[in-house]
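Trainee: Here you go, sequence then predicted model.
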There are 2 protein chains.
Amino acid sequence: MRIGELASRAGVSVRSLRYYEQQGLLTSTRSTSGQRHYTDNEIERVAFIQRLFDAGLSSRTIADLLPCVESPSEGTSDAAFERMQQERDRLTRHIADLTDTRDSLDGLLAANRAHRETLPAAAGR
Amino acid sequence: MRIGELASRAGVSVRSLRYYEQQGLLTSTRSTSGQRHYTDNEIERVAFIQRLFDAGLSSRTIADLLPCVESPSEGTSDAAFERMQQERDRLTRHIADLTDTRDSLDGLLAANRAHRETLPAAAGR
DNA sequence: CTAGGATCTGACATCAGTGTCAGGGGAAAC
DNA sequence: GTTTCCCCTGACACTGATGTCAGATCCTAG
C-alpha cells in the first residue's frame, strides 16, 4: 500500500510517517518513481510506535528499542535490552505518579461534591 | 521567602515560578522594590502545579482548576468542577494506556530474556 | 490522452515549558 | 560602605513531533 493508505489505516498523518522513516523507525520500499510502499505489517508497527510516543518515549529512544522488538529471535544487543528495561521502569514510576495525582484530584472532587450538597444554592458561582 | 528559596524548596527553577505567575497559577506579594515574596503555603501549591504539569495538563487547564483547589469551601464554578472531572477521567484513560504499553514491553522483555537463556553465547551481539 | 488526486522533497511554522543572557537595581554580609 | 549574591524585566533560543505550503512528479479514472 502507499503512504496515504497506511496513514489512514494506522490513524496517523502522512507527515508523521515520513518523519518516522527519517528517524529510522520505519522503512519502506520505493517504487522506481520514488513512492513509498508498505506491507500490512507496518500498520501494527506504526500503531506500536504511536503507543511508545504516547508513553513519552522520544524517537531516539524508540529507534534504540525497535531492533529488540522486530527481531526478538536474534541476539539483540545488551544495550537495547537494558534500555528497554529502563523504559519499562520509568513507565512504572510514571504510572504511579499519575495514579497519585489522580487520587489527589479525586480527593478534591469529593471535597467539592460534599460542599455542593450542603449548599446547593451556591452551585454555579 | 523570596523566589530563590521557593524555587529550591519546591524543586523548580526560578524561571518556572515567574512563568507560573504570568500564567495565573501563582500569586506573590511584592516588596516596595518589586521583589516577589511568598509564604510556606506556596511550596505545596507549586509542588501540586508541577504534578499537574507532569500529568499532562496545560497551564491554561491548571489555571481553570486551581480556584477549585484553593477554595473548595466556596461554591466553585460548575465549569471548573466539570473540567476537573474531565481531567480526572482523561488521566484514568491515560493510565490505562500506559499500563497496556508497559505490559507490551514486559512481553517483549520476556521474549528476549527467554531467547537469551537459550543462546547465552549470542548475548552482546 | 488528460484531469485531478496522491506523492515527492524541502522548508518554514507551531506550541509550551524552560534555559539563558543582558542590563539594571536590591539586600545582606563583612 | 563595599562586595557579593539575589532579584527584576524583557527578549531570544531550544526541543520535538507535527502542520502546512510550494513546486514538481506520479498514478489512475474518465
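Mentor: Sure thing, it's come through. Numbering: from 1, shown residues only, chains lettered A, B, ... in the order given.

Trainee: Which strand or helix spans the residue positioned nearest the centre of chain A?
Mentor: Taking Cα atoms, centre = their mean, the centroid of chain A lies closest to A:Arg51, which sits 2.3 Å from it. In this assignment (DSSP states H and E), A:Arg51 forms part of helix A:41-54.

Trainee: Using CSV, write out the CA atom coordinates for the next helix or strand after that helix.
Mentor: Per DSSP H and E, the first helix or strand lying C-terminal to helix A:41-54 is helix A:59-70. The C-alpha trace of helix A:59-70 is given here as CSV (Å, rounded to 0.1, in the frame of the first residue of the first chain):
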residue,chain,number,x,y,z
SER,A,59,12.0,9.0,18.6
ARG,A,60,15.6,8.4,19.5
THR,A,61,14.7,6.0,22.3
ILE,A,62,12.2,4.2,20.1
ALA,A,63,14.8,3.8,17.5
ASP,A,64,17.1,2.2,20.1
LEU,A,65,14.4,-0.2,21.1
LEU,A,66,12.8,-1.3,17.9
PRO,A,67,15.5,-3.7,16.8
CYS,A,68,14.7,-5.6,20.0
VAL,A,69,11.0,-5.6,19.1
GLU,A,70,11.4,-6.6,15.5
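
Trainee: Does the next helix-or-strand element following helix A:59-70 reach chain B?
Mentor: Next along the chain after helix A:59-70, taking DSSP H and E as the criterion, comes helix A:78-118. Yes - interface with chain B: helix A:78-118 contributes A:78, A:81, A:84-85, A:87-88, A:91-92, A:94-95, A:97-102, A:104-106, A:108-109, A:111-112, A:115-116 (Cβ under 8 Å from any Cβ of the partner chain). All C-beta spots, glycine's among them, are computed from the backbone N, C-alpha and C.
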